[in-house]
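> Output the structure for:
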Amino acid sequence: MHDVRKALRAREAEAEGLLLAFIGKMPGLAARLAPVLAHPDRAADGGDEPREMSVEAFARAAHLIESCLLPMARRAHAGASVPRVERAAVRLVALIREHGGRGFPAATWSGLAAPG
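Down below sits the predicted model:
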């Protein structure tokens with residue numbers, strides 16, 4: 001589980017907005033999916049309900065996230081969020097227009113460059 005969490009953290013560094021929030025939820029989703037994905041094996045074998053998460057079931061959940069859910073989320077959220085740098089650029093252009101192309105206090109710009 002720790003390896004999956006580390007891999008997802010690395011993906012978070014590349015993401016913004018809705019995709020970042022989605023990736024943040026994936027470790028918990030993997031932990032919840034693993035027991036669900038263990039049920040078909042147990043049913044086929046005629047065994048009891050799973051009482052603990054197996055490594056194999058967790059690996060299946062991680063694979064589902066990596067191969068299906070993350071690519072789908074990337075496609076779904078691709079146009080939904082504007083990167084922070086682009087948002088700052090739009091605010092800068094608006095500020096320049098507001099001041100008629102004249103200078104403006106540097107403190108005004110530093111507030112625009114803040115994350116968010």
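> Do me a favour and average the pLDDT over the longest helix along the chain.
When the chain is parsed with DSSP state H, its longest helix is helix 17-45. Confidence for helix 17-45, expressed as mean pLDDT, is 87.
> which parts of the following helix or strand past that helix are buried?
Heading C-terminal from helix 17-45, the first helix or strand you meet, by DSSP states H and E, is helix 55-64. Within helix 55-64, the residues scored as buried using 16 or more other CB atoms under 10 Å are Ala57, Phe58, Arg60, Ala61, Ala62, Leu64. Where C-beta positions appear, they are placed from N, C-alpha and C, glycine not excepted.
> CA atoms of helix 55-64 as PDB?
Taking Å, rounded to 0.1, in the frame of the first residue of the first chain, the C-alpha atoms of helix 55-64 are listed here in PDB:
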ATOM      1  CA  VAL A  55      -1.700  -8.400  -1.400                       C
ATOM      2  CA  GLU A  56      -3.200  -9.800  -4.600                       C
ATOM      3  CA  ALA A  57      -6.500  -8.000  -4.100                       C
ATOM      4  CA  PHE A  58      -4.800  -4.700  -3.300                       C
ATOM      5  CA  ALA A  59      -2.600  -5.100  -6.400                       C
ATOM      6  CA  ARG A  60      -5.700  -5.600  -8.500                       C
ATOM      7  CA  ALA A  61      -7.200  -2.400  -7.000                       C
ATOM      8  CA  ALA A  62      -4.000  -0.500  -7.700                       C
ATOM      9  CA  HIS A  63      -4.000  -1.800 -11.300                       C
ATOM     10  CA  LEU A  64      -7.600  -0.700 -11.800                       C
END
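> I'm done for today, thanks for sticking with me.
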